[in-house]
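K.L.:
sharing a model prediction with you, sequence too.
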Amino acid sequence: MLQCLVLFQSPFDLLQQRMTDVLGDGGIFKEVLHPGEGPPVPQNATVSVHYSGYLEYADQPFETTTNLLHPRLLKTGRELTLWGLELGLLTMKRGELSRFLFQPEYAYGDLGCPPLIPAAARVLYEVQILDYLDSGQVDQFFAMSLEEQSSAPLPEVLQVTNTLRSLGNNYFSWKQHKRAKDSYKQAVMLLENREVQSKSEKEEIQTALLPLYLNLSLAELRLESWNKALKYASKALEVDSCNTKALYRSGQAYLELGDCKTALRFLKAAQAKKPYDADINNLLQKVAIQCKDSLDKEKDFCSKMFRSRRSPDKM
C-alpha cells in the first residue's frame with residue numbers, strides 16, 4: 001500500500017508560492033497588492049513610506065509606522081538598516097502597496113535581533129510608497145567643492161534648489177517644520193551666495209528666491225520664531241513689494257510681537273490686494289479688536305496716572 005507523504009507547509013511557505021523571486025536567489029519574494037504608477041524608486045531618493053514588519057505566526061507587527069501621525073521619510077542608501085527592505089523599495093513605484101518576504105540573510109541574519117527577532121528568522125513586510133523625491137542630484141551637488149558649486153550652470157543650481165524646496169514642502173506637510181526650514185535655508189544659501197553673471201540671471205535667481213522666502217517665513221511662524229518669520233517676509237517684499245502672502249505673514253509676525261499698529265498696516269495692505277480673502281479678513285478683524293483693547297487699556301492707564309497726580313492737590 002502506497003502512502004503519501006504530506007509535507008507540512010508553514011504560512012510563509014504558502015505565501016511564498018504566489019510571490020515573485022525579486023533577485024532570483026530565493027532571498028526576497030514580492031507580491032504586489034496595489035500597483036503604483038511611474039518609474040520605480042531611484043537610488044538616493046527620499047521616500048515617504050508606511051511599513052509593518054511581521055514574524056511568522058504573529059498576530060501583531062514587531063514594528064510599524066501605521067500608528068504614527070505622519071509617514072516615515074527615509075533616504076535610500078542611508079537610513080535603512082534592513083538590506084532587504086532597501087532592495088525592495090527600489091522595485092516599487094509611487095502609490096504602490098506590496099508585501100515582501102525576506103530570508104534571514106536579507107533581514108536580521110542568523111543572530112536575529114533579540115528579544116524581538118529570533119535567530120535566523122524570516123520576516124514579512126507590508127510596504128506602501130506614498131511618494132518619493134529623486135534627491136540624488138542634491139547629494140551629488142553638495143559633494144562638489146565650493147568652487148565647483150559656484151561655477152555650476154544656473155539651470156543645474158535651480159534644479160537642485162527646486163528639489164530642496166519640494167523636499168521642504170514634504171517635511172512641512174508632515175509638520176516637520178524644523179526639517180522643512182533646514183531644506184529651505186539650504187536652497188536660499190545656494191542662491192544668495194551665487195555670483196550673478198547677468199541681469200537675466202539675477203531675475204531668475206530672484207524668481208526662485210521668492211517662494212523660498214515665503215516658505216521660510218511660514219516655517220518660522222510655525223516654529224514661533226516671530227523675528228525670523230518677519231525677516232524672511234521682509235526679504236520676500238524686497239523681491240515683490242506687493243506680494244500678498246508676504247504682507248499677510250508680516251502682519252502675523254508683528255501681531256505675535258505685540259505691535260498691533262504695524263500688523264494692522266500690513267494686513268490692510270494685504271486686504272487691498274485680496275479684499276475677499278477669508279484668512280486676511282479674519283486676522284484683520286482679530287488685530288483690530290486687539291488694537292482697540294490695547295488702546296482702551298492705554299487710555300485707562302493714562303487716566304489713572306492723571307488722577308493720581310491730581311489727588312495731592314485735593315487733600
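P.N.:
In hand now; what should we look at?

K.L.:
which helix or strand contains the closest residue to Ala45 other than its chain neighbours?
P.N.:
Nearest residue to Ala45, sequence neighbours excluded (Cβ to Cβ, 6 or more residues apart in numbering): Tyr132, at 4.8 Å. Every residue, glycine included, has its C-beta placed from N, CA and C. Using DSSP states H and E, the element containing Tyr132 is strand 123-133.

K.L.:
show me what the following helix or strand past that strand is packed against.
P.N.:
Using DSSP H and E, the helix or strand that follows strand 123-133 towards the C-terminus is helix 136-143. Judged by 3 or more Cβ pairs under 8 Å, 6 or more residues apart in numbering; DSSP states H and E, helix 136-143 is in contact with helix 154-173.

K.L.:
so which residues make contact with the helix it packs on?
P.N.:
By Cβ atoms under 8 Å, 6 or more residues apart in numbering, the residues outside helix 154-173 that reach it are 46, 48, 73, 131, 133-135, 137-138, 141, 149, 177, 179-184, 186-187, 190-191, 194, 197, 201, 204-205, 208, 211-212, 215, 218-219, 222.

K.L.:
what comes up buried for that helix?
P.N.:
154, 157-158, 160-161, 163-172 (16 or more other Cβ atoms under 10 Å).

K.L.:
with just CA atoms, put that helix into PDB.
P.N.:
Extracted as PDB, the C-alpha positions of helix 154-173 are listed here (Å, rounded to 0.1, in the frame of the first residue of the first chain):
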ATOM      1  CA  LEU A 154      22.500  78.200 -13.200                       C
ATOM      2  CA  PRO A 155      19.900  75.600 -14.600                       C
ATOM      3  CA  GLU A 156      21.600  72.900 -12.600                       C
ATOM      4  CA  VAL A 157      21.600  75.100  -9.400                       C
ATOM      5  CA  LEU A 158      17.900  75.900  -9.900                       C
ATOM      6  CA  GLN A 159      17.100  72.200 -10.300                       C
ATOM      7  CA  VAL A 160      18.900  71.500  -7.000                       C
ATOM      8  CA  THR A 161      17.100  74.300  -5.200                       C
ATOM      9  CA  ASN A 162      13.700  73.200  -6.600                       C
ATOM     10  CA  THR A 163      14.300  69.700  -5.300                       C
ATOM     11  CA  LEU A 164      15.200  71.100  -1.900                       C
ATOM     12  CA  ARG A 165      12.100  73.200  -1.900                       C
ATOM     13  CA  SER A 166      10.000  70.200  -2.800                       C
ATOM     14  CA  LEU A 167      11.700  68.200   0.000                       C
ATOM     15  CA  GLY A 168      10.900  71.100   2.400                       C
ATOM     16  CA  ASN A 169       7.300  71.200   1.300                       C
ATOM     17  CA  ASN A 170       7.000  67.400   2.100                       C
ATOM     18  CA  TYR A 171       8.500  68.000   5.500                       C
ATOM     19  CA  PHE A 172       6.200  70.900   6.100                       C
ATOM     20  CA  SER A 173       3.100  68.900   5.100                       C
END
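
K.L.:
so for that helix, mean pLDDT?
P.N.:
The average pLDDT within helix 154-173 is 93.

K.L.:
give me the most central residue, this protein.
P.N.:
Tyr171 (0.7 Å; Cα atoms, centre = their mean).

K.L.:
ok so, going back, so which of the contacts of helix 154-173 belong to helices?
P.N.:
In helices, judged by DSSP state H, the following of those are found: 137-138, 141, 149, 177, 179-184, 186-187, 190-191, 201, 204-205, 208, 211-212, 215, 218-219, 222.
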